[in-house]
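Asker: give me the fold of what follows.
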Amino acid sequence: MAIHLIEILAFMTILVLLLREARKRPALAAKGFRAVLMGVGLLMVSGLAGAAEQMAWTDKSVYWPSLEELGRIGGFSLILVGLTRWIPAITTLDEVESFSKKMIEAYTRLELEWRKMKKDEEFSRSVSHSANDAIISTDSKGNIISWNRGAARMFGHTESEMLGNSVSPIIPERFRARHQAGLQRVATTGQAQILGKSLELVALRKNGLEFPVEISIATWSTGGERFFVGVIRDITHRKVAEAGTERTQQSRVAISALLQVALEPIPLQEQLEKALDIILSVPWLTIQSKGSIFLWDEERQELVMTVERGLAAHLLKACARIPAGYCLCGRAAETRSMVHAAHLDDRHDVRFDGIRPHGHYCLPILYQGKLLGVVNTYIADSHDADKEEMEFLQSIADTLAGLIERKRVEEKLEEMAHHDSLTGLPNRKLLEAQMVKYLARARRDHEQLALLFLDLDGFKQVNDTLGHEAGDKLLQEVARRIKGVLRDSDVVARLGGDEFMVLLPSVSKAEDTHFIARKIIDRLCEPVGIKGESAQIGTSIGISIFPEHGEMPEELMHKADLAMYRVKKEGKNHFRLFEPGMITSG
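Answerer: Have a look, this model is predicted:
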């Protein structure tokens, strides 16, 4: 269209020049001059026809191209005929030369500009049609005046479908009112806030699918009317990549947080509570903010709910222990593989009145093929299995497996460091630590605390006669019998060899210790069957009382030891309460 406007401008300039020269010099308006004027006018008409074709004012394939061609042929013919009759009528050669020179200069200048404009237009058209981005021009009312191939590919609408129509079909319905308001604001104020900016918006394809785009808009004015051109780029791949990067970062943060929890010096129960909170708070996961972690009871072949979040009381009771193969969690434990359920299907054995539709991801926690537990998460009803979610949740389960196994190893090492490996009883180190705790409580509550020092009578003879293996079994039986006599709050420890110690945290009076000591002696005097033989032993017991006999663990242990040695001297298999005279007599 711009090229035709240049042609019209050129012919108008020539026409004005002819009329001006004819007015200044009447001699120029000689015979044939009118034919020249008519020819120039006809060329102007042909230019208008070409412009009309590009503006799609009529059917360009039938009428306007023939009118344009006829106009050019007729125009140049009239000019040629007019000049042959007009030029000889001009009186002087100087006038002819002067006028011709001006005509040639003007036409040459306009011809060069016309060719440059044509070249620029062809270049712009070529770039526009070959661009992958959509390039769309509209008038001030939002009606489309140009639609390139990139737009057709991007939106699915052909050029013929969109030219002259509104841009509304490529705008999601919820944004159309805002778009119209923006056009109205531009029409009223002449200001467009989005000009010169790169915006990220949502566009609409012909098939109804929405997709993210980046758009830059420019404007120009012609003949008092404002026009807009928008360059639109589909950024779906970029958004997917950005979302993937964000998910990866969030996943790394979650895994890192779980690893940090694994290093915290807190009980396994607290570690699992923190771990579940981390899992349920991962932003990109579609799981709900409730779930649970079960640990596997190898002896009873059951899952034991250890931590939970957001579960109702009746569900806690129903799922406190889950046998292998029962419900979704039990199936995950039995199959050692992840279980996905989009609905409440036949595998959902736990049911109750008022249960709401939902789904699950249930993940077994495995360490080198060994089942440690199950993670149970909730998802919305009809939520299909998502590969990316499942892969991430599996990595979560693997990390939990490392956390659980690490804590269990730590607990085992802790137990070995503080317990006797033969009997499983606390050792001297753990006993002293527990004494510090119980002594502090006794001071606070103004209570008494008793310490019993036991040394077995006749153990060496059994060990020498029946062997060390028999001696070990005897010590294990002794530990079992002593624990059977005591309360749950009492503590029994093995100090080494055949020496044991009993801590009674709360004692009303010293005579209460006599009753406990006598029960221990009577129980240990009962025969023990070992390797087909019957072995019988006794025990000597010394007793010290807090605060009467001391306030520190070492002092109480020493005085109970002195009392025990007094029993040994006086005939064994009996008990004695510490007395001050025992220190001097040894």
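Asker: OK, contacts around residue 325?
Answerer: Counting by CB atoms under 8 Å, 6 or more residues apart in numbering, residue 325 makes contact with 331, 333-334. C-betas here are computed from N, CA, C, even on glycine.
Asker: out of those residues, which are buried?
Answerer: 331, 333-334 (16 or more other CB atoms under 10 Å).
Asker: and which of those residues is nearest residue 209?
Answerer: Within the buried ones among the contacts of residue 325, proximity to residue 209 (CB to CB) peaks at residue 331, which comes in at 37.8 Å.
Asker: count of neighbours near the nearest residue to residue 552 once chain neighbours are set aside?
Answerer: Nearest residue to residue 552, sequence neighbours excluded (CB to CB, 6 or more residues apart in numbering): residue 439, at 7.9 Å. Using other CB atoms under 10 Å, residue 439 is surrounded by 20 other residues.
Asker: what's the answer for residue 396, then?
Answerer: Neighbours around residue 396, by other CB under 10 Å: 23.
Asker: would you mind giving both backbone torsions of it?
Answerer: When read as degrees, to the nearest 10, the backbone of residue 396 gives phi -60, psi -50.
Asker: what sits against it?
Answerer: The contact partners of residue 396, taken as CB under 8 Å, 6+ apart, are 254-255, 258, 279, 363, 375.
Asker: how many neighbouring residues does residue 241 have?
Answerer: Close neighbours of residue 241, defined as other CB under 10 Å, add up to 11.
Asker: which SS class is it?
Answerer: helix (DSSP: H, G, I helix; E, B strand; the rest coil).
Asker: for the contacts of residue 325, give me a markdown table that also has distance to residue 267 and secondary structure.
Answerer: Compiled in a markdown table, the contacts of residue 325 are given as follows (distance: CB to CB, whole Å; DSSP: H, G, I helix; E, B strand; the rest coil):
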| residue | distance to residue 267 | secondary structure |
| --- | --- | --- |
| 331 | 29 | helix |
| 333 | 23 | helix |
| 334 | 28 | helix |
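Asker: what would the residues you listed look like in JSON lines with pLDDT and distance to residue 415?
Answerer: Putting these into JSON lines (pLDDT from 0 to 100; distance: CB to CB, whole Å) gives the following:
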{"residue": "331", "pLDDT": "94", "distance to residue 415": "33"}
{"residue": "333", "pLDDT": "93", "distance to residue 415": "26"}
{"residue": "334", "pLDDT": "92", "distance to residue 415": "30"}
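Asker: bridged to residue 545, which residues?
Answerer: residue 450 (DSSP bridges).
Asker: quick one: neighbours of it, just the number.
Answerer: Residue 545 has 21 neighbours, counted by other CB under 10 Å.
Asker: I figured it hits residue 510, correct?
Answerer: Yes: with contacts counted by CB atoms under 8 Å, residue 545 reaches residue 510, the gap being 5.5 Å.
Asker: identify the contacts common to the two.
Answerer: Here residue 545 and residue 510 have 448, 450, 577 as joint contacts, going by CB under 8 Å, 6+ apart.
Asker: highest neighbour count among the residues you listed?
Answerer: Result: residue 450 is most packed of the shared contacts of residue 545 and residue 510 (other CB under 10 Å), 26 neighbours.
Asker: by mean pLDDT, which helix or strand of the protein comes out lowest?
Answerer: Ranking every helix and strand in the chain by mean pLDDT, DSSP states H and E puts helix 93-130 at the bottom, with a mean of 57.
Asker: check which element follows that helix along the chain.
Answerer: Using DSSP states H and E, the helix or strand that directly follows helix 93-130 along the chain is strand 134-139.
Asker: other residues contacting that next one?
Answerer: The contact list for strand 134-139 (CB under 8 Å, 6+ apart) reads 128, 144-148, 150-151, 154-155, 167, 225-233.
Asker: and with 7 Å instead?
Answerer: Identification of contacts with strand 134-139 by CB atoms under 7 Å, 6 or more residues apart in numbering yields 128, 144-148, 150-151, 154-155, 167, 225, 227-232.
Asker: could you do stretch 225-236 as well?
Answerer: 133-140, 154, 186, 200, 203, 211-220.
Asker: type out the PyMOL command that picks the buried ones from those residues.
Answerer: The following PyMOL line selects those of the contacts of stretch 225-236 that are buried, judged by 16+ other CB under 10 Å:
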select buried, resi 133+134+135+136+137+138+154+186+203+212+213+214+215+216+217+219
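Asker: so what's the residue count around residue 418?
Answerer: As a burial measure, residue 418 scores 16 neighbours (other CB under 10 Å).
Asker: now residue 582. Nearest residue, chain neighbours left out?
Answerer: Leaving aside its sequence neighbours, residue 582 sits nearest to residue 562 (CB to CB, 6+ apart; 4.5 Å).
Asker: tell me the angle the host helix or strand of residue 227 makes with strand 134-139.
Answerer: Per DSSP H and E, residue 227 falls inside strand 225-234. Angle of strand 225-234 versus strand 134-139, following axes from the mean of the first three to the mean of the last three CA atoms, to 10 degrees, is 160 degrees.
Asker: quick one: buried residues of strand 225-234?
Answerer: Buried residues in strand 225-234, defined by neighbour count with 16+ other CB under 10 Å: 226, 228-234.
Asker: over to stretch 550-560?
Answerer: By 16+ other CB under 10 Å, the buried positions in stretch 550-560 come out as 550, 553, 556-560.
Asker: please apply the same query to stretch 376-384.
Answerer: Neighbour counts over stretch 376-384 (16+ other CB under 10 Å) mark 376-379, 383 as buried.
Asker: how about the strands in the stretch 351-500 of the chain?
Answerer: Residue ranges of the strands in the stretch 351-500 of the chain, as given by DSSP state E, counting those that start in this stretch, are 359-367, 370-379, 448-457, 491-496, 499-507.
Asker: can I get those in JSON lines including mean pLDDT and distance to residue 346?
Answerer: Listed next are those as JSON lines, based on pLDDT from 0 to 100; distance: least, CB to CB, whole Å:
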{"stretch": "strand 359-367", "mean pLDDT": "93", "distance to residue 346": "14"}
{"stretch": "strand 370-379", "mean pLDDT": "94", "distance to residue 346": "18"}
{"stretch": "strand 448-457", "mean pLDDT": "96", "distance to residue 346": "59"}
{"stretch": "strand 491-496", "mean pLDDT": "94", "distance to residue 346": "51"}
{"stretch": "strand 499-507", "mean pLDDT": "94", "distance to residue 346": "54"}
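Asker: wait, which of the ones you listed is closest to residue 272?
Answerer: Nearest to residue 272 among the strands of the stretch 351-500 of the chain is strand 370-379 (8.8 Å), distances taken as CB to CB.
Asker: send the alpha carbons of that closest one over as PDB?
Answerer: Extracted C-alpha coordinates of strand 370-379, given in PDB (Å, rounded to 0.1, in the frame of the first residue of the first chain):
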ATOM      1  CA  LYS A 370      15.100 -54.700  53.400                       C
ATOM      2  CA  LEU A 371      11.700 -53.200  54.300                       C
ATOM      3  CA  LEU A 372      11.900 -50.500  56.900                       C
ATOM      4  CA  GLY A 373       8.500 -48.900  56.600                       C
ATOM      5  CA  VAL A 374       6.000 -47.100  54.300                       C
ATOM      6  CA  VAL A 375       5.300 -43.400  53.500                       C
ATOM      7  CA  ASN A 376       1.600 -42.800  53.000                       C
ATOM      8  CA  THR A 377       0.500 -39.600  51.200                       C
ATOM      9  CA  TYR A 378      -2.900 -38.300  50.100                       C
ATOM     10  CA  ILE A 379      -3.900 -36.900  46.600                       C
END
